[in-house]
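K.L.:
I would like the atomic coordinates for the input below:
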Amino acid sequence: MTILVTGATGTVGRHVVDELIQAGRRVRALTRNPVRADLPAEVEVVAGDLTVTDSLGPALDGVTGVHLITFGGDDYGPLRNGQEIVELAAKAGVRRVTVLGGWDEGTLEPAVRAGGLDWTFLQPTEFMSNALQWAETIRADGVVREPFGDAVTAMVHEADIAAVAARALVEEGHAGKSYGLTGPERLSTRDKVRIIGEAIGREIPFVELTEEQAREKMATEGQPEEMIEFLINVFGNVPEGPNVVNSNVEKVTGRPARTFARWAAEHADAFRA
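P.N.:
As a prediction, the model looks like this:
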């Protein structure tokens, strides 16, 4: 039984691969650049692009389960060929899928829901790995400059998302379920910066930007206008629903969700000069 992991070289995908290997499953990894995949030797790495349906046929051959992501391409935009992907997977004999998406559906989710597969949707809140965006400025300047210092999220460890995905792919009992995934605590932007400082052994000052200053900063960094608007809207008015702490990680995996302090300790070297 082979399980295909799409987005296998991404933040969550690498952990999904590892979890499935630990579960004793045969893993096939889809990537647009197999030469640069840098995955474990026992993983079968194949070339393919989720945005190009015709490239997926060989990757799906003999596969019984698939971990899907809802975006692709150079711009990481939402997939427009969700229906085609599902039809191809069903024709190949895929029986079980997990779908890593957001809180807004694209073309893939409804196609999966109507496609006759045993599906599980994963809807994580903010990834803890988003904090890596501060690594360069912490190393260079020893400070974090961001707006909305009191904005609170229930960040989730990317390895916990992967652990839930792997369980849903190899165990019974998860078909037809949507799991909102959070960490074990709600943290403000100030809290996150403080915890990173504790992990590297020094205080990191937090400088709160105005919304106008934040827009200028992101534009200078090369962020496209639509992304700037998205970030301002999300963190200026954090949605409450996805950030209410829940126990879904523990319910599915049998262990508590990892804390941000643990994540920061694991990634401390990224923030050290």
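
K.L.:
tell me where the stretch 101-250 of the chain has strands.
P.N.:
Counting by DSSP state E, counting those that start in this stretch, the stretch 101-250 of the chain forms strands over residues 118-124, 144-146, 152-153, 177-181, 187-188, 206-208, given from the N-terminal end onward.

K.L.:
partners of the first one, with directions?
P.N.:
Think strand 118-124. Its sheet considered, strand 118-124 pairs with strand 96-100 (parallel), strand 177-181 (parallel) by DSSP bridges.

K.L.:
do I have it right that Gly65 meets Arg95?
P.N.:
Yes - with contacts defined as CB atoms under 8 Å, Gly65 counts as touching Arg95 at a distance of 6.8 Å. To be clear about C-beta, it is placed using only N, CA and C from the backbone, and glycine gets the same treatment.

K.L.:
follow-up on the earlier one: now the strands of the stretch 101-250 of the chain as TSV including mean pLDDT?
P.N.:
As requested, the strands of the stretch 101-250 of the chain are exported to TSV (pLDDT from 0 to 100):
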stretch	mean pLDDT
strand 118-124	97
strand 144-146	97
strand 152-153	96
strand 177-181	97
strand 187-188	98
strand 206-208	98
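
K.L.:
may I see those strands organised as a markdown table, with mean neighbour count added?
P.N.:
Formatted as a markdown table, the strands of the stretch 101-250 of the chain follow (neighbours: other CB atoms under 10 Å):
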| stretch | mean neighbour count |
| --- | --- |
| strand 118-124 | 23 |
| strand 144-146 | 19 |
| strand 152-153 | 22 |
| strand 177-181 | 18 |
| strand 187-188 | 19 |
| strand 206-208 | 15 |
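
K.L.:
now those in JSON lines, with distance to Gln83?
P.N.:
Shown next, in JSON lines, are those (distance: least, CB to CB, whole Å):
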{"stretch": "strand 118-124", "distance to Gln83": "14"}
{"stretch": "strand 144-146", "distance to Gln83": "39"}
{"stretch": "strand 152-153", "distance to Gln83": "33"}
{"stretch": "strand 177-181", "distance to Gln83": "20"}
{"stretch": "strand 187-188", "distance to Gln83": "38"}
{"stretch": "strand 206-208", "distance to Gln83": "45"}
